[in-house]
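**Q** Predicted coordinates and the sequence they were generated for:
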Amino acid sequence: MKGCGQVSRHDVTYRDLEHVLLELGFRRIEHPDGYRVYRHDESQTIVPLPAAGDDDPVPIHHLMGNATILDGRGVVERRQFERLLASASAA
């Protein structure tokens with residue numbers, strides 16, 4: 001995330017974020033309204049995201065909020081999450 005020196009708000013797409021979440025052990029749960037919902041069973045963490053196209057950029061507030069939640073729940077430290085997002089968006 002740009003303020004953290006790794007990822008700008010336009011670098012990360014929903015496809016990139018999904019890739020990172022799945023890599024971290026989340027699974028996607030289908031939602032009838034088209035929302036993207038991811039569940040990490042081990043930590044009992046749920047990440048809901050709005051319906052959007054795979055190549056749409058993820059708003060910075062979603063990235064920052066998810067970084068805080070994932071760090072706080074012990075899924076992944078914030079800096080590691082940022083590195084994973086940077087790597088996914090560069091691929």
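**A** Sure thing, it's come through. All values derive from a computational prediction rather than experimental measurement.

**Q** Could you use CA atoms for every contact and neighbour count after this?
**A** Fine.

**Q** List the buried residues for stretch 71-85?
**A** 71, 75-76, 78, 81-82, 84-85 (16 or more other C-alpha atoms under 10 Å).

**Q** Which of those sits closest to E30?
**A** Nearest to E30 out of the buried residues of stretch 71-85 is V75 (C-alpha to C-alpha; 21.6 Å).

**Q** Quick one: residues contacting the closest one.
**A** Residues in contact with V75, defined by C-alpha atoms under 8 Å, 6 or more residues apart in numbering, are 24, 43.

**Q** so what pLDDT did it get?
**A** Looking at V75, its pLDDT stands at 97.

**Q** pretty sure A88 belongs to a strand, no?
**A** No. Under DSSP: H, G, I helix; E, B strand; the rest coil, A88 falls outside any strand and is assigned helix.

**Q** Is the closest residue in space to it that isn't next to it in sequence in a helix, a strand, or coil?
**A** Spatially, and ignoring its direct neighbours in sequence, A88 is nearest to D16 (5.3 Å; C-alpha to C-alpha, 6 or more residues apart in numbering). Under the three-state scheme (three-state DSSP), D16 adopts helix.

**Q** Right, I'll leave it there.
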